[in-house]
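Q: pasting the sequence and the predicted model now:
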Amino acid sequence: MCVDVLVFCFLVDMYQKISREKKQCAIELLSVGVKPKSAAKVYGISYRTLRRAKKNLRDHGNVEGIQKKRGPRPSIGDALTEVPFLPYLSNEM
């Protein structure tokens, strides 16, 4: 019973989103001269998260990076705006 509760608490804490402010503050510590592992520890984020945020800031100008588009792709593109008329399907022949 106790182990299940600990595992649940660990999973809940593990998947919480890290705020943008935490990432930015940790990167500011790096600019002052603090080592990356120490800066990550101060703000309670992993060293890998700090590396990703730094890379996203360098590549995209934002610590979050580019947001991926979600959802299905559209089935009809811009090229297919009208349905062509097919006379051989009509019964008026």
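A: Okay, I see it.
Q: okay, and for the protein, where does confidence drop off?
A: Applying pLDDT under 70 to the chain flags the ranges 1-15, 76-93.
Q: which stretches in the chain count as helices?
A: 2-14, 20-32, 36-43, 47-60 (DSSP state H).
Q: from Gly71, how far off is the residue nearest to Lys22 when sequence neighbours are not counted?
A: Beyond its immediate neighbours in the sequence, the residue positioned closest to Lys22 (CB to CB, 6 or more residues apart in numbering) is Tyr43, lying 4.8 Å away. The way it works is simple: take the backbone N, C-alpha and C, and place the C-beta from them, glycine included. For Tyr43, the distance to Gly71 under the criterion CB to CB, to the nearest Å works out to 33 Å.
Q: which one's more surrounded, those two?
A: Set Tyr43 next to Gly71 and count neighbours by other CB atoms under 10 Å: Tyr43 wins out with 18 against 5.
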